[in-house]
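Novice: Make a model of this:
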Amino acid sequence: MIDLREAFLFCSSLLAAASCLLAGCQSFSTPGSFDPAAWKHHERLRVIERAKASVRGFPVSFELDVAELVDAGKCRPDLGDLRITIAGKEVPVQVEKLDGGKASVTFQIDLARQQSREDVCMHYGNPWATMPDYDGRWGTISKDRNAFENELLRVSYGLKTSTFRKMWGCQKEFTIKWYDEDQFGGDKIPDSWAKSRNDVTYWQPVPKGGPRFEIEVDGPIYKRVRFFSPERTIIHHPGAKPITAKDVSQRVTFYRGCPFIKEQLHGLKTGTTTTAVPGGMRLRSKGQRNFDFAAYNLKPEEITWEGRGQDTETRGGFTSEKKRAEDDPRYRWMGDHSYNDHLIMGVFNMRNGRGVGSCATDVRTAFFVDWSHERAGFSIWPKAGSMTRYLYYVETGRTEVISRGKLLAAPPTVVRMDRPVSATTDDWGSIKVFEDSAGGLHVTLENSKVRVLYETFVPQDTQTYIRRFELKEHGHQSQGYWLDAAAHRRGLRCAEIVRDDSQAKTVRMVWNGSDRSPSMRGPAISEVTIYPESMILRIDVLQSAFAHVCDIGTPGGAGRRAPGPQFSIYGAAEWQQARKAIEDTQLRDHPNEHHRLTDDLHPIYPFPLMDRTWPADPMSYKGWYILATYDPESGRGYGRVVPAKAITYMKLLAFPANPGFGFELFPHWQETGRNRKPYTTYLFAETGGADKIIAKGKLIADRASGRYVKDTQQSREGRR
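Specialist: Below you'll find the predicted structure:
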């Protein structure tokens with residue numbers, strides 16, 4: 001029987017070949033030249049930098065359901081018609097087939113710190129396109145020497161006999177060939193740098209020595225090699241009982257123009273130890289150490305343990321078992337030192353800053369190793385025999401160990417903006433829920449006036465908050481750091497559209513919540529509503545295990561431009577006069593700055609929301625606080641209207657070095673966890689300066705009185 005689908009594809013390939021001959025292969029593609037008119041389907045991609053790092057040529061990946069596209073007749077089975085453009089120019093793309101009819105798509109991009117790029121597009125649906133001819137002639141792989149290199153580093157898995165194990169060991173050498181000043185900054189570095197020994201794989205001897213080695217992937221952006229052995233034997237020290245592991249493998253991926261490698265380890269029964277002579281210098285001179293260790297969220301003076309620096313092996317490190325960390329003073333709980341569920345640690349030379357860093361996930365135990373005058377480093381043990389980690393070189397010591405590790409732990413993600421997980425849209429507006437390449441959720445709310453984006457970001461722990469609040473008419477976005485943000489709320493667990501009609505659209509969002517303290521444990525739930533022709537968002541906080549909410553942005557795009565953003569708070573002048581009349585020295589000289597009384601019009605810690613000392617609250621308008629920040633030059637800004645009875649105290653926030661103005665509110669501070677009462681608040685934008693912003697806030701309060709979620713035992717008028 002003839003398979004009609006195969007016959008169709010075969011005929012399509014013949015037609016494609018004929019067309020290319022007749023047209024002189026006009027759809028032949030090289031980077032930089034691209035004619036989108038020949039492609040039927042185009043998808044916008046947003047690439048989000050999440051680790052507060054500027055990168056150039058960084059590889060980003062996302063997953064594509066090829067079977068779905070092929071079944072719909074939208075692309076070729078070999079994805080030979082898939083192209084990626086950035087700012088209209090084609091860039092090299094590498095496609096790797098995965099199980100289940102899916103594929104991984106990888107390209108390289110430049111990103112500024114905390115930047116979201118939306119000038120990226122994916123094109124497919126051109127049956128006449130030829131396979132792209134990207135230049136894959138970069139880097140080398142030497143199978144006989146178990147070595148590979150790219151433009152920035154050389155890595156060799158050289159084989160040598162261990163002194164007492166009497167089996168084949170595995171040694172790794174990082175050698176910087178040159179340092180491109182235009183790409184990464186800094187001076188060129190000579191070949192001789194530092195050797196890093198990696199005892200990750202002690203393989204059982206085979207007839208020709210060492211593990212088997214094969215090249216798995218050889219593409220224009222990354223190459224991958226695989227070491228494997230049917231059996232591996234480990235002896236920790238002379239006389240110890242051997243440990244045998246079956247089917248051990250190690251995949252190593254290195255990238256074009258990147259100073260790191262990715263290791264995927266499988267079948268381990270022990271850990272991996274990386275030790276080095278960092279910086280290519282003696283570890284000690286005149287009895288003093290030339291090197292030191294680094295780890296995320298660990299101060300230098302905290303890296304101490306008994307026996308450190310002596311001529312014996314000494315250890316101090318981390319464990320994923322909290323009870324063990326509590327019982328054993330040598331170990332710290334990894335939950336306090338992980339960034340996006342990755343453990344970041346390294347060793348470096350204090351004199352020249354050079355060293356080796358590691359960023360690993362699925363870690364059970366890790367510790368520093370100081371082997372006296374021989375070498376120093378770290379050992380990492382996986383949770384279940386498998387582990388993924390990055391190894392990278394550093395040039396500036398501790399700071400770079402952490403910053404580069406954070407980038408690898410939270411790399412840029414890709415969002416397919418034309419493929420929402422769920423969506424509602426009509427003539428007046430839309431709500432769309434997207435999932436990025438790392439599994440993070442993003443939500444957009446849009447009408448004719450504004451476009452608001454809740455974006456999943458990784459400043460430390462994964463968080464989801466408003467990164468963009470765009471005013472369409474003015475092409476302005478009030479964004480800089482966080483709007484409607486809460487650090488302990490963490491990332492979105494799910495988002496569901498619960499209302500969709502001509503009057504309003506509402507999305508219910510559930511955040512994971514934090515487990516760092518009992519008072520903040522549990523999920524957080526909010527419903528966010530957008531209205532037609534309106535620059536107002538209504539936010540119903542239904543469940544709030546977290547203790548604060550922040551609005552910090554760059555209103556009107558003021559940034560560092562003088563005079564910079566300004567505050568506008570209802571009742572601020574009356575509030576200032578009321579404070580001036582208070583002479584209580586205990587309040588004036590309070591040791592806690594949160595409660596200290598000042599006469600500033602806009603004190604950083606507005607006093608005294610927690611300690612009420614007068615019967616009326618000058619800042620309350622009919623039971624609501626109206627807070628705003630704006631750009632006095634353009635008049636544009638944003639504000640928040642919140643029920644006074646819900647707020648225990650607040651802070652005003654200003655960061656001159658990193659442009660951002662706003663406020664931090666602490667609702668129902670005395671309560672804990674899920675006991676915090678629900679409340680409703682409004683986030684809005686305005687374009688007419690301070691007076692109009694306050695007037696709009698008052699209008700919102702007038703219309704909302706009695707409507708917000710409330711505790712029926714308290715007055716609607718708030719604290720009076």
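
Novice: Now the phi/psi pair for Thr270, please.
Specialist: phi -130, psi -160 (degrees, to the nearest 10).

Novice: can you tell me how far it sits from Glu90?
Specialist: Per C-beta to C-beta, to the nearest Å, Thr270 is found 46 Å from Glu90. Placement of C-beta: from N, CA and C, glycine included.

Novice: what about the two, which has more around it?
Specialist: Higher neighbour count among Thr270 and Glu90: Glu90, with 22 against 17, using other C-beta atoms under 10 Å.

Novice: Quick check: bridge partners of the more buried one?
Specialist: Under DSSP bridges, the beta-bridge partners of Glu90 are Thr85.

Novice: Tell me if I'm right that it and Ile84 touch.
Specialist: Yes - using C-beta atoms under 8 Å, Glu90 is in contact with Ile84, at 7.0 Å.

Novice: Just confirm Lys645 is within a helix.
Specialist: Yes - under DSSP: H, G, I helix; E, B strand; the rest coil, Lys645 falls within a helix.

Novice: what number of residues lie near the residue nearest to Asp65 when sequence neighbours are not counted?
Specialist: Leaving out its chain neighbours, the residue that sits closest to Asp65 by C-beta to C-beta, 6 or more residues apart in numbering is Lys102, at 5.6 Å. Using other C-beta under 10 Å, Lys102 is surrounded by 14 other residues.

Novice: mind listing what Lys102 touches?
Specialist: 63-67 (C-beta atoms under 8 Å, 6 or more residues apart in numbering).

Novice: same question, Leu683
Specialist: Contacts of Leu683 (C-beta under 8 Å, 6+ apart): 466, 469, 483-484, 536-537, 539, 551, 638-640.

Novice: now do His42
Specialist: Here His42 is in contact with 36, 121-123 (criterion: C-beta under 8 Å, 6+ apart).

Novice: so after the host helix or strand of it, what's the next helix or strand?
Specialist: If you go by DSSP states H and E, His42 is part of strand 41-48. Helices and strands here follow DSSP H and E; after strand 41-48, the next one along the chain is strand 55-65.

Novice: where's that next one relative to the chain centroid, distance-wise?
Specialist: Here the centre of strand 55-65 is set off from its chain's centre by 13 Å, with C-alpha atoms, centre = their mean, to the nearest Å.

Novice: could you say what helices and strands that strand packs with?
Specialist: Where contact means 3 or more C-beta pairs under 8 Å, 6 or more residues apart in numbering; DSSP states H and E, strand 55-65 is packed against strand 102-111, helix 181-184, strand 413-416.

Novice: closest to Arg351 out of those?
Specialist: Ranking the helices and strands packed on strand 55-65 by proximity to Arg351 (C-beta to C-beta) places helix 181-184 first, at 21.1 Å.

Novice: Now do the helices in the chain.
Specialist: For the chain, the helices defined by DSSP state H occupy 4-22, 66-71, 181-184, 322-327, 398-409, 572-580, 585-588, 689-704.

Novice: Of these, which shows the lowest average pLDDT?
Specialist: Comparing mean pLDDT across the helices of the chain, the weakest is helix 181-184, with a mean of 33.

Novice: follow-up on the earlier one: can you redo the contacts of Leu683 as CSV with pLDDT, distance to Lys286 and neighbour count?
Specialist: Shown next, in CSV, are those (pLDDT from 0 to 100; distance: C-beta to C-beta, whole Å; neighbours: other C-beta atoms under 10 Å):
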residue, pLDDT, distance to Lys286, neighbour count
Ile466, 91, 56, 23
Phe469, 89, 58, 25
Leu483, 90, 55, 25
Asp484, 91, 56, 22
Ile536, 96, 68, 21
Leu537, 96, 64, 22
Ile539, 96, 62, 18
Asp551, 88, 55, 29
Tyr638, 89, 59, 27
Gly639, 91, 62, 29
Arg640, 94, 60, 25
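
Novice: Output those in JSON lines; the columns should cover distance to Ile530.
Specialist: Listed next are those as JSON lines, based on distance: C-beta to C-beta, whole Å:
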{"residue": "Ile466", "distance to Ile530": "12"}
{"residue": "Phe469", "distance to Ile530": "12"}
{"residue": "Leu483", "distance to Ile530": "14"}
{"residue": "Asp484", "distance to Ile530": "13"}
{"residue": "Ile536", "distance to Ile530": "8"}
{"residue": "Leu537", "distance to Ile530": "6"}
{"residue": "Ile539", "distance to Ile530": "11"}
{"residue": "Asp551", "distance to Ile530": "17"}
{"residue": "Tyr638", "distance to Ile530": "15"}
{"residue": "Gly639", "distance to Ile530": "17"}
{"residue": "Arg640", "distance to Ile530": "16"}
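
Novice: Tell me the one among those nearest to Ala654.
Specialist: The closest of those to Ala654 turns out to be Asp551 (C-beta to C-beta; 12.5 Å).

Novice: neighbours of the closest residue to the closest one other than its chain neighbours, just the number please.
Specialist: Spatial nearest neighbour of Asp551, chain neighbours left out: Gly662 (4.3 Å); criterion: C-beta to C-beta, 6+ apart. Neighbour count for Gly662, taken as other C-beta under 10 Å: 29.

Novice: Gly662 against Ile552, yeah?
Specialist: Yes - counting by C-beta under 8 Å, Gly662 does reach Ile552; the two are 3.9 Å apart.

Novice: In the contacts of His42, find the pair that's most separated.
Specialist: Pairwise over the contacts of His42, using C-beta to C-beta, the maximum falls at Pro36 and Met122, 10.9 Å.

Novice: Which of those two has more residues huddled nearby?
Specialist: Counted by other C-beta under 10 Å, Pro36 and Met122 do not tie: Met122 has more neighbours, with 23 against 13.

Novice: Quick check: which of the helices and strands packed on strand 55-65 is buried the most?
Specialist: strand 413-416 (a mean of 24; mean count of other C-beta atoms under 10 Å).

Novice: Can you spell out which helices and strands pack onto that strand?
Specialist: With contacts taken as 3+ C-beta pairs under 8 Å, 6+ apart, strand 413-416 sits against strand 41-48, strand 55-65, strand 429-435.

Novice: what's next to that strand, contact-wise?
Specialist: 43-48, 50, 60-62, 120, 122, 434-438, 440, 442, 456.

Novice: Restricting to C-alpha, output it in PDB.
Specialist: The C-alpha trace of strand 413-416 is given here as PDB (Å, rounded to 0.1, in the frame of the first residue of the first chain):
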ATOM      1  CA  THR A 413      14.600  32.300  28.300                       C
ATOM      2  CA  VAL A 414      12.600  32.400  25.100                       C
ATOM      3  CA  VAL A 415       8.800  33.100  24.900                       C
ATOM      4  CA  ARG A 416       6.800  32.300  21.800                       C
END
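
Novice: From the chain's centroid, how far away is it?
Specialist: Relative to its parent chain, strand 413-416 has a centroid offset of 12 Å by C-alpha atoms, centre = their mean.

Novice: out of the contacts of strand 413-416, which are buried?
Specialist: Buried by 16 or more other C-beta atoms under 10 Å: 45-48, 50, 60-62, 120, 122, 434-438, 440, 442, 456, out of these.

Novice: could you point out where the stretch 301-450 of the chain is predicted with low confidence?
Specialist: Applying pLDDT under 70 to the stretch 301-450 of the chain flags the ranges 304-315, 371-374.

Novice: swap that for the stretch 451-600 of the chain, sorry
Specialist: Counting by pLDDT under 70, the stretch 451-600 of the chain shows low-confidence ranges at 459-461, 475-481, 514-521, 545-547, 556-563, 594.
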